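**Student:** What follows is a predicted protein model with its sequence.
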Amino acid sequence: MSEKVLLTGISGFVAKHVAIELLNSGYEVLGTVRNSSSIDQTKKTLEENNVSTEKLSFVKLDLLKDEGWNEAAEGCKYIIHVASPFPLKVSNDRESLTPAAKDGTLRVLNAGINAEVEHFVKTSSIVCMFRRPNRSNPYTFGENDWTDLEWDKTTDYFVSKTRAEKAAWDLMESKGLKKSLTCINPGFVLGDFLNEKTSTSMEYAKQLLQGKYPAAPKFSVMISHVKDVAKAHVLSLSNKKAGGRRLIVGSEVRSILELSKIMAKNIPSHAKKLPKRELPNFMVKLISYIDTSAKTMVPDLGLKMQTDQTYAEEILQIKFKASEIAVVDAAKSLIRLKLA
C-alpha cells in the first residue's frame, strides 16, 4: 500500500513540482485547492509532464476556515504544507498576510496532529532568517537566525512567513513533536514554470525578459532551483536527520544584474530587452512609492548576503543545482509558454 501525503496548495508553482516528485516516488497524494477551477489545470499539467495521476486526488479547502482539515488529514502518513500567500505588491498593513500564513499553518498542523501524522514538512523561506537592522556588508545568516519582526522595514511577506514558521515550531515543541517537523527555507525560487498560472517568482523573471527593468536594482538573493526545493520536501519525509531542522535550500547568491547577464547569454533573442546596468539606490526608493513591489527590495539594497547551505546537502544527500541552471530553466519555460 502506498503512503498517503496531504499536499497543500497543489496548484502553486512549488507545490506542482512537489506533487511530481511525490507521485514519481510512488506516494499517494491528496492535494488541496482553494478553488475547484484549478483542479483540471493542475492534473493536465502533471500529465503533460509524463506523471501518472492514478494516485492523485483533490479536496477543496480554505486556510482561513477550520472546515474539512481534520477529515483531509485522516489516513495521511505525512503532510507537506506549501500553501502561503506571496503577492507581488506590498501592503502598508504589515500583518495583512499573517492570517492565511500563520493561522493556516496552525490549522494544517493541528489537523495532522489530531490524525497522528508521522512527519510534517513546511515550506518556509530565507526571508524568515535574514532581515534585521544594522547588518554588516556582506552579512551572514544561517539556520539559527530569525528576521526581526519589530523592525519597521520588515514588510508584509517577511512578517507572514516568519510568524508562520515561528508558530509552527512553537506548536510542535509544545506537543513534544519538534522532531516531527522539517522546514524548507529556499531563496528566490526559479526553474521550470510548468504552466501559465502566475506566481511572484514568474512575474519577476517575466518582467526582466519583457524589458520592464531599464536598469537593475542593486539587490542580491540566493537562487534556489524549484526541483531542488521539491526534492528537499520529499526527502525530508522519511529522513530522520531532517527532523527538527530548518534546511536552507539553494545555491549561489546572485544580483539582479547577474541574473540579467545569465539570461542575455543564454537567451540571445531577448538580450536587448534585459538591463545592462544598475539603478542607484535612491531611484529604487523613489520607485517604491509608486510601485510597491519595489518595497520588498529597499531594506536590502546594496547588501550582499552569504550563507552556508552545505549542511542541508549533507543531510539530504543531494547536490543543489547551480543558480545559472535555475535562471535559464525559468527563462526558457517562459518563452515556451509564450509569456515572454
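**Tutor:** Cool, got the structure.

**Student:** quick one: the helices in the chain?
**Tutor:** 13-24, 38-48, 69-73, 98, 104-114, 156-174, 200-209, 226-237, 256-266, 281-290, 310-316, 323-336 (DSSP state H).

**Student:** Point out the one among those helices that comes closest to Leu303.
**Tutor:** Among the helices of the chain, the nearest to Leu303 by C-beta to C-beta is helix 281-290 (10.4 Å). For every residue, glycine as well, the C-beta is placed using N, CA and C.

**Student:** about what we covered before: quick one: which of the helices of the chain is nearest Pro186?
**Tutor:** Among those, if distance is taken as C-beta to C-beta, the winner is helix 226-237, at 4.8 Å.

**Student:** any idea of the angle the closest one forms with helix 200-209?
**Tutor:** 160 degrees (axes from the mean of the first three to the mean of the last three C-alpha atoms, to 10 degrees).

**Student:** Pull out the buried residues from helix 226-237.
**Tutor:** Val226, Lys227, Asp228, Val229, Ala230, Lys231, Ala232, His233, Val234, Leu235, Ser236, Leu237 (16 or more other C-beta atoms under 10 Å).

**Student:** Run through the residues that contact the last one.
**Tutor:** Residues in contact with Leu237, defined by C-beta atoms under 8 Å, 6 or more residues apart in numbering, are Val5, Tyr78, Ile80, His119, Val121.

**Student:** try the third one
**Tutor:** Under the criterion of C-beta under 8 Å, 6+ apart, the contact list for Asp228 reads Pro186, Val249, Gly250, Ile318, Phe320, Lys321.

**Student:** which one of the residues you listed is nearest Asp103?
**Tutor:** For those, the nearest to Asp103 is Pro186 (22.6 Å; C-beta to C-beta).

**Student:** isn't that closest one right up against Gly250?
**Tutor:** Yes: at 5.5 Å, Pro186 counts as touching Gly250 under the criterion of C-beta atoms under 8 Å.

**Student:** what residues are shared contacts of these two?
**Tutor:** Ile126, Met222, Ser224, Asp228.

**Student:** which outside residues touch stretch 36-52?
**Tutor:** 10-11, 16, 19-20, 23-24, 31, 33, 53, 56, 58, 60, 194-195, 197.

**Student:** my bad, should have said stretch 202-209
**Tutor:** For stretch 202-209, the external contacting residues (C-beta under 8 Å, 6+ apart) are 13, 88, 188, 190, 193, 213, 256, 259-260, 263, 267, 270, 273-275, 327, 330-331, 334-335, 339-340.

**Student:** Select only the buried ones of the residues you listed in ChimeraX?
**Tutor:** Buried residues within these, by 16+ other C-beta under 10 Å, are selected in ChimeraX with:
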select :13,88,188,190,193,213,256,259,260,263,267,270,273,274,275,327,330,331,334,339,340
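
**Student:** returning to that earlier point: go through the helices of the chain and name the closest to Glu150.
**Tutor:** Glu150 lies closest to helix 156-174 among the helices of the chain, at 10.4 Å (C-beta to C-beta).

**Student:** angle of that closest one against helix 200-209?
**Tutor:** Here helix 156-174 runs at an angle of 150 degrees relative to helix 200-209 (the same axes, to 10 degrees).

**Student:** Determine which two of the contacts of stretch 36-52 are furthest apart.
**Tutor:** Taking C-beta to C-beta, no two of the contacts of stretch 36-52 sit farther apart than Asn24 and Lys60, at 24.9 Å.

**Student:** give me phi/psi at Phe320?
**Tutor:** Note on Phe320: its backbone torsions stand at phi -70, psi 140 [degrees, to the nearest 10].

**Student:** so where is the protein shaky, pLDDT-wise?
**Tutor:** Scanning the chain with the threshold set as pLDDT under 70 gives 1-2.

**Student:** Recalculate using a threshold of 80.
**Tutor:** Within the chain, the ranges that satisfy pLDDT under 80 run 1-2, 85-88, 340.

**Student:** coming back round to it: give me the buried subset of the contacts of stretch 36-52.
**Tutor:** Buried members of the contacts of stretch 36-52, counted by 16+ other C-beta under 10 Å: 10-11, 16, 19-20, 23, 31, 33, 56, 58, 194-195, 197.

**Student:** and stretch 212-219, how far out from the chain's middle?
**Tutor:** 22 Å (C-alpha atoms, centre = their mean, to the nearest Å).

**Student:** again with stretch 307-325
**Tutor:** The answer for stretch 307-325 is 16 Å, by C-alpha atoms, centre = their mean.

**Student:** Give me the contacts around it.
**Tutor:** Contacts with stretch 307-325, where a contact means C-beta under 8 Å, 6+ apart, come from 126, 129-130, 140-143, 222-225, 227-228, 231-232, 235-236, 239, 241-242, 245, 247-254, 262, 266.
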